[in-house]
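A.B. asks: Below is the structure, and that's it, no one-letter string:
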């Protein structure tokens, strides 16, 4: 019988990338992590013995604890947090089980920008349309749930990045940007090794809309239309981003679970 505070790799996979995803806390010992420096998408690193510090970081949010094998470290810490009233589970089999599961992506830890004030900080051009909403969605859902984004005049992106330690994206001549026919969303999938079937499907739609290649996917023209409409609704870029998060949540669920579904009326119409 499964433990009441246990979660399996397939169960956690279904949650990652959705608004319902728990905080994933990697407490692998430093020597173990250094020997295999990869993260589960969205995971944070934290020492297993700093329990009060972890409780402050969680701020009451549900969490999944993982260590190398899913044994004493993760089970003990999950039990401790549950004793203190937090919704905590441990990952069955730990990082070894995740690593060995077909289709479970792992992010190279060295690809993640260094945090600034506790979370990653990104900067790009103001008045976002497609890539500059899709990329923040990807980062918050798969890289850093607490990531912050600065939208500034195009001429000031480089200076803001330098002065505030922010990572520029979706600009010419920066690392996180378009490469050949691919857009910045593609670049992030490649660098973070997040090439799953669902994200690849979503990337094709984003690329088609962002580079005016509506032949790539029939949904691309619709994404462009909705993105333009979204930008016209909001003067404040952060309000637009918040609205866009729900928008891309829905697109991701379509790409993962619903791309084969169609709709007609009346429901009983026969061909």
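C.D. replies: Sure thing, it's come through. Since the model is a prediction, treat every value here as computed from it, not as a measurement.
A.B. asks: how about residue 119, what does it touch?
C.D. replies: For residue 119, the contacting residues are 144, 146, 147, 148, by C-beta atoms under 8 Å, 6 or more residues apart in numbering. (C-beta placed from N, C-alpha, C; glycine too.)
A.B. asks: give the contact list for the last one.
C.D. replies: Looking back up the chat, that one is residue 148. Contacts for residue 148 were tallied using C-beta under 8 Å, 6+ apart; they are 119, 120, 121, 122.
A.B. asks: buried set for stretch 112-131?
C.D. replies: Within stretch 112-131, the residues that count as buried by 16 or more other C-beta atoms under 10 Å are 112, 113, 120, 121, 122, 123, 124, 125, 128, 129, 130, 131.
A.B. asks: So which of those residues are in strands?
C.D. replies: 121, 122, 123, 124, 125 (DSSP state E).
A.B. asks: now the strands for this structure?
C.D. replies: Under DSSP E, the chain gives strands at 6-7, 23-26, 38-39, 44-45, 63-66, 88-91, 107-108, 121-125, 148-152, 167-168.
A.B. asks: quick one: which of those strands is nearest residue 237?
C.D. replies: strand 148-152 (4.0 Å; C-beta to C-beta).
A.B. asks: State the mean pLDDT of the closest one.
C.D. replies: For strand 148-152, mean pLDDT is 98.
A.B. asks: ok and that strand relative to strand 121-125, angle-wise?
C.D. replies: Relative orientation of strand 148-152 versus strand 121-125 (axes from the mean of the first three to the mean of the last three C-alpha atoms, to 10 degrees): 30 degrees.
A.B. asks: starting at the chain centroid, how far to strand 148-152?
C.D. replies: In terms of C-alpha atoms, centre = their mean, to the nearest Å, the centre of strand 148-152 is found 17 Å from the chain centre.
A.B. asks: Just checking: what are the partner strands of that strand?
C.D. replies: strand 121-125 (parallel) (DSSP bridges).
A.B. asks: Reformat the contacts of residue 148 as a markdown table; add distance to residue 84 and pLDDT.
C.D. replies: Below are those laid out as a markdown table (distance: C-beta to C-beta, whole Å; pLDDT from 0 to 100):
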| residue | distance to residue 84 | pLDDT |
| --- | --- | --- |
| 119 | 24 | 97 |
| 120 | 28 | 98 |
| 121 | 31 | 98 |
| 122 | 33 | 98 |
